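Asks: coords please:
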Amino acid sequence: MSKDYLLDFRRFLIYEADFYPQESALDVQSTELLKIFLRKNQGNKEVYVAGVLADGFNNDEIRRAIEVAIENTTGQKELARGNSLVVCFVYSREISEEQRKYILSLKRNSFFAGSSLATLVVELSGTITVPKGQPIVPKEILSALTGALEGREIQETESDWVNYSQKRLPKRVETPWVTYTLMVLIGLAWIYLELMGGSTNTRVLVYSGAQVNSLIRAGEYWRLVSSMFLHIGFFHLAVNLFSLYRLGPITEMIYGHWRFTIIYFSAGIIGGLAGLYLVTGELISAGASGAIFGLLGALGAYGYNLPPTRRKEFWTPIVLIAGLNIFYGFVNVGINNYAHIGGMIGGALVALILAVPGRVIVKRSILLGTVLLILMLGMALLNSYLVQQDWEYHFSEGVIAYEKGDLHAAIVHFEKVVELEPDQAEAHYNLALTYYQLGETRSALVHVDWALQIRPNFAEAAMLKKAISGE
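Replies: Residues are numbered from 1 along each chain as shown. Okay, the predicted model is just below:
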């Protein structure tokens with residue numbers, strides 16, 4: 001029970017108070033005494049927290065635990081200038097008043113060096129005893145202590161700190177069930193594709209809801225969501241399920257269930273829109289990659305508000321994973337990198353807007369969100385220019401407009417194709433056919449002649465010319 005409490009306390013310190021775990025730096029002897037050991041940078045000073053399972057400890061062992069904690073802050077027997085250390089002694093049952101007073105008496109405060117040592121007693125019967133007078137224990141540490149007690153009242157009989165707020169922290173996420181539900185649905189969707197004819201079969205993918213840009217532009221916007229559950233081949237499925245398994249739980253534990261759900265689907269949709277507007281020509285794609293990159297973006301946004309020393313450590317693996325995946329996408333044909341980048345930016349932006357439970361959106365987060373929004377708008381403007389220079393896009397749009405009966409719109413697109421690619425025989429033929437449908441025979445003859453000049457054996461063009469000429 002005491003160990004579970006310390007683990008909960010540790011989790012609160014990490015996710016709610018921006019502490020960084022330091023247990024890996026402890027030697028074997030230290031870990032026997034200090035079950036948790038964490039650090040937080042506050043400007044020019046460091047704050048350390050140590051947790052001790054003290055059941056059965058005598059006074060010498062209590063003093064030794066404090067000495068070990070001090071030594072692990074600086075490698076010396078005294079605290080460094082400006083540093084603070086809080087040592088929490090946890091008992092599974094109520095202890096004697098004499099032992100409680102002894103532990104609290106070990107606190108000390110150096111006004112000259114600006115360093116302090118505070119000792120606390122946590123009795124899992126529901127009592128947290130904090131030292132009277134200086135040094136004052138930081139509010140965030142007391143919040144974590146009471147949060148780990150899951151709502152039990154704090155008794156401050158030994159404390160004169162009257163400004164302490166007993167507001168409870170948000171309930172922590174025990175099981176990331178949203179992540180596991182998504183993994184199950186993705187797996188079931190892949191089995192469905194295989195039963196329908198294969199997850200690499202284009203016809204099956206299109207029928208089942210893959211992202212097809214021309215169909216989305218025609219009004220099938222639901223494909224932006226459905227495509228997130230479909231995967232092309234087993235390797236694609238395995239990579240994304242593994243990535244979701246690694247990134248999903250930690251993101252869900254940080255942001256909570258409903259925020260995680262919003263971030264995941266928003267990032268997937270934004271990634272799909274990036275593929276829709278930034279990929280020139282037709283695109284048939286599927287996968288949860290955009291949403292998963294969104295989780296990377298959300299973790300990056302979380303790291304943005306961490307202390308500078310911890311921020312670098314938190315961001316390094318995220319940047320490495322994202323960079324390697326984006327590089328792999330650029331050097332391999334058929335990977336929709338725009339969905340990856342769009343999903344990551346979208347996930348970061350949505351995460352900054354929602355914020356982490358228990359946090360306040362600070363000005364720099366709003367500024368960063370604005371920068372990301374401007375970046376996305378810039379990408380959209382860039383896409384607008386690129387699309388206008390892509391003949392395949394205009395050819396596809398011209399065919400869609402013709403099939404809908406919008407002949408004038410079809411002419412605009414086909415004229416753009418022959419402007420960009422004058423030797424595109426199919427575009428000249430389609431222009432001739434469209435002009436013929438509108439009764440503009442002179443323009444029809446000009447383009448059908450161009451089609452036959454480019455491709456003399458173009459049978460359909462030859463038949464169209466006879467029809468236009470009345471032969």
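
Asks: The protein: strands as residue ranges?
Replies: Along the chain, the segments classed as strands by DSSP state E run 20-21, 36-42, 45-53, 84-91, 108-110, 115-123, 127-129, 211-212, 284-285.

Asks: Could you list every helix and strand that the last one packs against?
Replies: With contacts defined as 3 or more CB pairs under 8 Å, 6 or more residues apart in numbering; DSSP states H and E, strand 284-285 has these neighbours: helix 202-208, strand 211-212. Backbone N, C-alpha and C define where each C-beta goes, glycine included.

Asks: Among the ones you listed, which comes closest to Gln22?
Replies: Nearest of the helices and strands packed on strand 284-285 to Gln22, taken as CB to CB: strand 211-212 at 45.1 Å.

Asks: who does the closest one pair up with?
Replies: Here strand 211-212 has these sheet partners by DSSP bridges: strand 284-285 (antiparallel).

Asks: Return the distance of Trp222 relative to Gly342.
Replies: Distance, Trp222 to Gly342, by CB to CB, to the nearest Å: 18 Å.

Asks: and those two? which has more neighbours close in?
Replies: When Trp222 and Gly342 are compared for neighbours, Gly342 comes out ahead with 29 against 10, by other CB atoms under 10 Å.

Asks: wait, doesn't that one sit right on Gly268?
Replies: No. Applying CB atoms under 8 Å, one finds Gly342 not in contact with Gly268, separated by 9.7 Å.

Asks: what's the overlap in contacts for the two?
Replies: The contact sets of Gly342 and Gly268 overlap at Gly290 (CB atoms under 8 Å, 6 or more residues apart in numbering).

Asks: quick one: contacts for the spatially most central residue of the chain?
Replies: Per CA atoms, centre = their mean, the C-alpha nearest to the average position across the chain is that of Leu295, at 1.8 Å. Leu295 makes contacts with Leu244, Leu247, Gly248, Thr251, Ile263, Tyr264, Ala267, Gly347, as judged by CB under 8 Å, 6+ apart.

Asks: Pick the one among these closest to Ile353.
Replies: Ile263 (9.6 Å).

Asks: Show the model's pLDDT score for the closest one.
Replies: pLDDT for Ile263: 93.

Asks: what's the neighbour count on it?
Replies: 27.

Asks: what's the answer for the one 4 residues further on, then?
Replies: Neighbour count for Ala267, taken as other CB under 10 Å: 32.

Asks: do Pro249 as well
Replies: Pro249, neighbours per other CB under 10 Å, totals 18.

Asks: ok, now which ones touch it?
Replies: Going by CB under 8 Å, 6+ apart, Pro249 touches Pro176, Thr179.

Asks: okay, the helices and strands packed on strand 284-285 in a markdown table with distance to Asp4, mean neighbour count and mean pLDDT next?
Replies: Listed next are those as a markdown table, based on distance: least, CB to CB, whole Å; neighbours: other CB atoms under 10 Å; pLDDT from 0 to 100:
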| stretch | distance to Asp4 | mean neighbour count | mean pLDDT |
| --- | --- | --- | --- |
| helix 202-208 | 45 | 16 | 87 |
| strand 211-212 | 45 | 25 | 86 |
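
Asks: so which of the ones you listed gets nearest Ala54?
Replies: Closest among the helices and strands packed on strand 284-285, using CB to CB: strand 211-212, at 58.0 Å.

Asks: how distant is the closest one from the center of its chain?
Replies: Per CA atoms, centre = their mean, to the nearest Å, the displacement of strand 211-212 from the mean C-alpha position of its chain is 23 Å.

Asks: which residues are in contact with it?
Replies: So strand 211-212 is contacted by 206, 220, 223-224, 227, 272, 275-276, 282-286 (CB under 8 Å, 6+ apart).

Asks: Distance to Leu299 added to those residues, as a markdown table?
Replies: Shown next, in a markdown table, are those (distance: CB to CB, whole Å):
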| residue | distance to Leu299 |
| --- | --- |
| Val206 | 33 |
| Glu220 | 32 |
| Arg223 | 27 |
| Leu224 | 23 |
| Ser227 | 23 |
| Gly272 | 21 |
| Gly275 | 22 |
| Leu276 | 26 |
| Glu282 | 33 |
| Leu283 | 28 |
| Ile284 | 30 |
| Ser285 | 24 |
| Ala286 | 24 |
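
Asks: Lowest-confidence entry in these?
Replies: Per-residue pLDDT puts Glu282 lowest of the contacts of strand 211-212, at 63.

Asks: returning to that earlier point: closest to Leu407 out of the contacts of strand 211-212?
Replies: Sorting these by how near they are to Leu407, with CB to CB, puts Glu282 at the top with 21.6 Å.

Asks: any weak-confidence spans in the stretch 101-250 of the chain?
Replies: Within the stretch 101-250 of the chain, the ranges that satisfy pLDDT under 70 run 109-115, 132-136, 147-174.

Asks: Show me the helices in it, by range?
Replies: Under the criterion DSSP state H, counting those that start in this stretch, helices of the stretch 101-250 of the chain are mapped to 139-148, 177-196, 202-208, 213-217, 223-226, 234-255.

Asks: for those, which one sits closest to Phe414?
Replies: Of all the helices of the stretch 101-250 of the chain, helix 213-217 comes closest under CB to CB, at 15.8 Å.

Asks: what's that closest one in contact with?
Replies: Contact with helix 213-217 is made by Val206, Arg223, Leu224, Gly275, Leu276, Val279, Glu282, Leu283, Ser396, Glu397, Ile400, as judged by CB under 8 Å, 6+ apart.

Asks: Can you tell me which of these comes closest to Leu452?
Replies: Using CB to CB, Ser396 comes nearest to Leu452 of the contacts of helix 213-217, at 23.7 Å.
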